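1. Requesting a structural model of the entry that follows:
(one chain, ligands or ions: 2)
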Amino acid sequence: MKILVTGGAGFIGSHTVVELQNSGHEPVVLDNLYNASSKVIGRIEAITGKHVPFYKADIRDREALAEIFEKEKPEAVIHFAGLKAVGESVRKPWEYYENNIGGTLTLVDEMRKHGCKNIIFSSSATVYGDPAFVPITEECPKGQCTNPYGWTKSMLEQILSDIQKADPEWNVVLLRYFNPIGAHKSGTIGENPNGIPNNLMPYITQVAVGKLEKLHVFGNDYDTPDGTGVRDYIHVVDLAKGHVCALKKVAPGSGLSVYNLGTGTGYSVLDIVKNFEAATGKNIPYVIDPRRPGDIATCYSSAEKAKEELGWEAQYGIKEMCEDAWRWQSTNPNGYGD
Ligand code: NAD
Ligand code: UD1
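-> Residues are numbered from 1 along each chain as shown. Ligands and ions are numbered 1, 2, ... in the order given. Here you go, the predicted model:
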């Protein structure tokens, strides 16, 4: 299937393009390179041995979208493009709503004008807020988000659901990711955060490589086995494969589908530190700091629905997530180097 992948040069997008090509699909990448390197495309091509059509374009640019749809005629869109820094979204809410919501509205309008009504959307476990129960099933009620980034995900889920309801020709898949980490086995593509990382694993790998002095553990007084926050970390390659499996839910008549993409297992911050040290032989010094505002104690998925309906299940364990994150960071200490 020919698939337009917005944000396809980013962390999750690049890994998904690899898995799409490996499965015989024809991904076409659109990315404005706001948070990605132009080198990614060549690296993907080196992994798969296949050409990746690439458009440096913005999802808010109607003319560019129209040209791409007319030329490529994709059957479906996998929509990763968006801003994703939680702290920045608190300081720049307008920019987040304009890019993520405005951009998606423009994209969806051009899609329908060109007769492409199949979309897979990158949502997040953040839509559950402080979850009503764990493991979190898709039936768990959505909650209060603590930042504008999270609200863009929650609102876009609603917007896409309403569009599908009004026009049943649409097939909409909402994928709620838990915490993607790791990198492709080749060590040539991976996560490339700007500045000091906000997320746990890139922070740890930058401590391991000597760019940061020590990890700051945000709180050890949560109601969890060791007091630190518990999350459902998932290997980015498993997450990428989840998108390939989700394509079956853009078949005609599928309607609206919602899936968690997680492993179903929770690890604490200190579990991750220990597993990283064991997998890589690197020592990770840390200090305990106060809780980070907006953080919750525990968040992990029930991965049953995706297993039953998509035939998808995460394959990689925490050891490989740590090893692969480290391979990427240690062989590319400055990311893509641009
Ligand atoms: P990323 O920043 O690496 O990828 C997003 C890509 O979108 C970047 O390459 C960026 O340049 C591009 N982009 C941003 N705005 C654009 C625009 N207006 N037009 C065209 N391209 C644009 O992030 P990621 O971690 O790969 O995340 C991909 C998607 O998954 C995002 O929507 C993110 O919110 C969502 N998500 C990520 C996580 C996570 O932990 N990484 C968790 C849940 C959901
Ligand atoms: C965060 C975002 C979430 C987003 C996700 C992926 C918040 C409140 N949530 O989720 O919206 O979808 O990233 O981008 O920001 N930790 C430390 N020290 C660090 C970094 C993290 O102790 O330097 C802890 C956190 O307190 C948490 C765990 O590690 O318990 C995971 O944090 P992180 O990787 O930022 O992910 P989330 O908070 O789950």
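
2. and the closest residue to ligand 1 within the stretch 201-338 of the chain, how many residues sit next to it?
-> Here the stretch 201-338 of the chain gets closest to ligand 1 at one residue, Val236, 8.2 Å apart by CB to the nearest ligand atom. (Each C-beta comes from the backbone N, C-alpha and C, glycine too.) Neighbours of Val236 under the rule other CB atoms under 10 Å: 26.

3. For Ile119, which residues are in contact?
-> 76-79, 108, 111, 160, 170-173, 250 (CB atoms under 8 Å, 6 or more residues apart in numbering).

4. Can you say which helix or strand has it in it?
-> Using DSSP states H and E, Ile119 maps to strand 118-124.

5. could you pull out the strands for the stretch 1-150 of the chain?
-> Taking DSSP state E, counting those that start in this stretch to define them, one finds strands in the stretch 1-150 of the chain at 2-6, 26-31, 54-56, 76-79, 118-124.

6. Turn the ones you listed into CSV, columns for mean pLDDT.
-> Shown next, in CSV, are the strands of the stretch 1-150 of the chain (pLDDT from 0 to 100):
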stretch, mean pLDDT
strand 2-6, 99
strand 26-31, 98
strand 54-56, 98
strand 76-79, 99
strand 118-124, 99
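
7. wait, which of these is closest to Asn99?
-> Closest approach to Asn99 among the strands of the stretch 1-150 of the chain (CB to CB): strand 2-6, 11.7 Å.

8. List of residues touching the closest one?
-> Here strand 2-6 makes contact (CB under 8 Å, 6+ apart) with 13, 16-17, 20, 25-31, 59, 68-69, 72-81, 107, 116, 247.

9. again, 7 Å this time
-> 13, 16-17, 20, 25-30, 59, 68, 72-81, 107 (CB atoms under 7 Å, 6 or more residues apart in numbering).

10. So among those, which ones count as buried?
-> 13, 16-17, 20, 25-30, 59, 68, 72, 74-81, 107 (16 or more other CB atoms under 10 Å).

11. what subset of the contacts of strand 2-6 is also close to ligand 2?
-> Subset of the contacts of strand 2-6 in contact with ligand 2: empty, counting by CB under 6 Å from any ligand atom.

12. Spell out which residues of the protein are next to ligand 2.
-> Within the chain, the positions near ligand 2 by CB under 6 Å from any ligand atom are 84, 86, 124, 126, 146, 150, 179, 198-200, 203, 216-218, 229, 231, 269, 292, 294-295.

13. So which of those residues are in helices?
-> Residues of the residues of the chain next to ligand 2 located in helices (DSSP state H): 86, 150, 200, 203, 269.

14. Check this structure for the residue nearest ligand 1 and tell me.
-> Residue of the chain nearest ligand 1, by CB to the nearest ligand atom: Gly10 (2.1 Å).

15. Now that residue: closest residue in space, sequence neighbours ignored.
-> Nearest residue to Gly10, sequence neighbours excluded (CB to CB, 6 or more residues apart in numbering): Ala36, at 5.0 Å.

16. and this structure, which of its residues are near ligand 1?
-> So far as CB under 6 Å from any ligand atom goes, the chain lies against ligand 1 at 6-7, 9-13, 31-36, 58-60, 80-84, 99, 103, 122, 124, 177, 179-180.

17. Give me the contact list for the helix or strand containing Glu277.
-> Using DSSP H and E, Glu277 sits in helix 269-280. Identification of contacts with helix 269-280 by CB under 7 Å, 6+ apart yields 200, 204, 208, 215, 217, 226, 228-229, 233, 283-284, 286, 318-319, 322-323, 326.

18. Noted, bye for now.
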